[in-house]
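[1] Here is my input, please return the structure:
(one chain, ligands or ions: 1)
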Amino acid sequence: MTDTATGSTAFEKTPGWLDWYDGPSRPRFELPAGAVDAHCHVFGPGAEFPYAPERKYTPCDASKQQLFALRDHLGFARNVVVQATCHGADNRAMVDALRASGGLARGVATVRPTITDAEVRELHEAGVRGVRFNFVKRLVDAAPRQDLLDVVAKIRPYGWHVVVYFEAADLADLREFFLGLDVPLVVDHMGRPDVAADPDGPGFTAFLDFMRARPDIWCKVTCPERLSESGPAALDGEQHAYRDVVPFARRVVEEFPDRVLWGTDWPHPNLTSHMPDDGLLVDFIPHIAPSAEAQHKLLVANPMRLYWPDAG
Ligand SMILES: O=C(O)c1cc(C(=O)O)oc(=O)c1
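    Here you go, the predicted structure:
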């Protein structure tokens, strides 16, 4: 990885913004053939794909070429590029990455309820397979629930799913609404558990109960670097990073082995304490999915079933 994170941009980054780490190590953990990085983003570049006026942060640029270089460096075969909130409902940067990937990337878009069927079809042809509903208040102003129901009606005919991002404290309010959405659901970042709490306590139990409520709710066991409170960070060769997250992620992988996904979350928007070495993040995987069978499901079989169901 010789590219630098801080290419020229038409935008000024949010003060204190941490750029992604451009010297990732080569993972010690060898990913299974065909592994999918099922949660990552592109940012701009802002000069080509401007950040949205309604954004809550302005990132450094993180281009499709840089994403694909990271994919190859880490040993992934494919990516799922999730629309970042800094681009609002302007999916051009994400779609441009999908089109440039030669079929090796699928996408998750953010759309407005006014989207036309022709526009949904165009996104589908580019490789989009889901929409993201975001309830994290520091990232977006919440959309009215009726708007989200209207979006679901538009995307359901295409077999898409809904990716939901929310804080653990908000699950009680959102649960019935989510369960009423009649498309598969994918939860970002394990529903953001409080990892200082007991994994057997009421907070995480409520999340696991939500997962149990329907057989088509999936979970990304991602972002230990975001959730961890105790560290140590995935830096300087650290092989035992983010130990406090392990019991939570492991529990989800054990109970729902066929409905878990993993991704780097590169370029790691809004981290404030440190920027992880993505090679070391890959080395975190065997701590949460110890067996070869669990790893294959997490990294290959599950994401392929959800995003490339027609592949071999
Ligand atoms: O926690 C975050 O700040 C965050 C932000 C975004 C985004 O801005 O799209 O995506 C993520 O997956 C996580």
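[2] alpha carbons only for contacts and neighbour counts from here, please
    Will do.
[3] How many neighbouring residues does the closest residue to the ligand within the stretch 51-200 of the chain have?
    Closest residue of the stretch 51-200 of the chain to the ligand, Cα to the nearest ligand atom: Ala84 (3.2 Å). Ala84: 25 surrounding residues under other Cα atoms under 10 Å.
[4] Now the residue most central in space within the chain: closest residue in space, sequence neighbours ignored.
    Centroid-nearest residue in the chain: His39, 3.0 Å away (criterion: Cα atoms, centre = their mean). Residue nearest to His39 in three dimensions, not counting chain neighbours: Gly263, with 4.3 Å by Cα to Cα, 6 or more residues apart in numbering.
[5] Could I get the pLDDT score of that neighbour?
    Note for Gly263: predicted pLDDT of 98.
[6] Just to check, the residue of the stretch 51-200 of the chain closest to the ligand is in contact with Phe43?
    Yes - in this structure Ala84 lies within contact range of Phe43 using Cα atoms under 8 Å: 7.4 Å.
[7] hey, where'd the strands end up in the stretch 201-312 of the chain?
    217-220, 260-261 (DSSP state E, counting those that start in this stretch).
[8] dump the residue contacts of the residue of the stretch 51-200 of the chain closest to the ligand.
    Residues counted as contacts of Ala84 (Cα atoms under 8 Å, 6 or more residues apart in numbering) are 41-43.
[9] Just say helix, strand or coil for the residue nearest to the centre of the chain.
    Three-state assignment for His39 (DSSP: H, G, I helix; E, B strand; the rest coil): strand.
[10] Tell me who's in contact with it.
    79-82, 262-266.
[11] what does the stretch 51-200 of the chain have sitting close to the ligand?
    84-86 (Cα under 6 Å from any ligand atom).
[12] nearest to Val246, of those residues?
    Checking those against Val246 by Cα to Cα gives Ala84 as the nearest, at 25.8 Å.
[13] Name the residues of stretch 162-182 that are buried.
    Within stretch 162-182, the residues that count as buried by 16 or more other Cα atoms under 10 Å are 162-168, 171, 178, 181.
[14] From the residues you listed, which land in strands?
    162-165 (DSSP state E).
[15] Among the strands of the stretch 201-312 of the chain, which comes closest to Glu30?
    Comparing those by Cα to Cα, strand 260-261 comes nearest, at 17.0 Å.
[16] hmm, back to that, same list (the residues of the stretch 51-200 of the chain next to the ligand) but as CSV, adding secondary structure.
    Below are those laid out as CSV (three-state DSSP):
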residue, secondary structure
Ala84, coil
Thr85, helix
Cys86, helix
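[17] can you give me the helices in the chain?
    64-74, 92-100, 117-126, 145-155, 171-179, 202-213, 224-227, 246-255, 278-282, 285-288, 292-296, 302-307 (DSSP state H).
[18] interface residues of the stretch 201-312 of the chain facing the ligand?
    269-270.
[19] and with 5 Å instead?
    Along the stretch 201-312 of the chain, the residues adjacent to the ligand under the rule Cα under 5 Å from any ligand atom are Asn270.
[20] show me where pLDDT drops low in the stretch 201-312 of the chain?
    Applying pLDDT under 70 to the stretch 201-312 of the chain picks out residues 312.
[21] How about the contacts made by the closest residue to Ala77 other than its chain neighbours?
    With sequence-adjacent residues excluded and distances taken as Cα to Cα, 6+ apart, Ala77 is closest to Gly34, at 5.0 Å. Shown in contact with Gly34 (Cα under 8 Å, 6+ apart): 76-78, 299-300.
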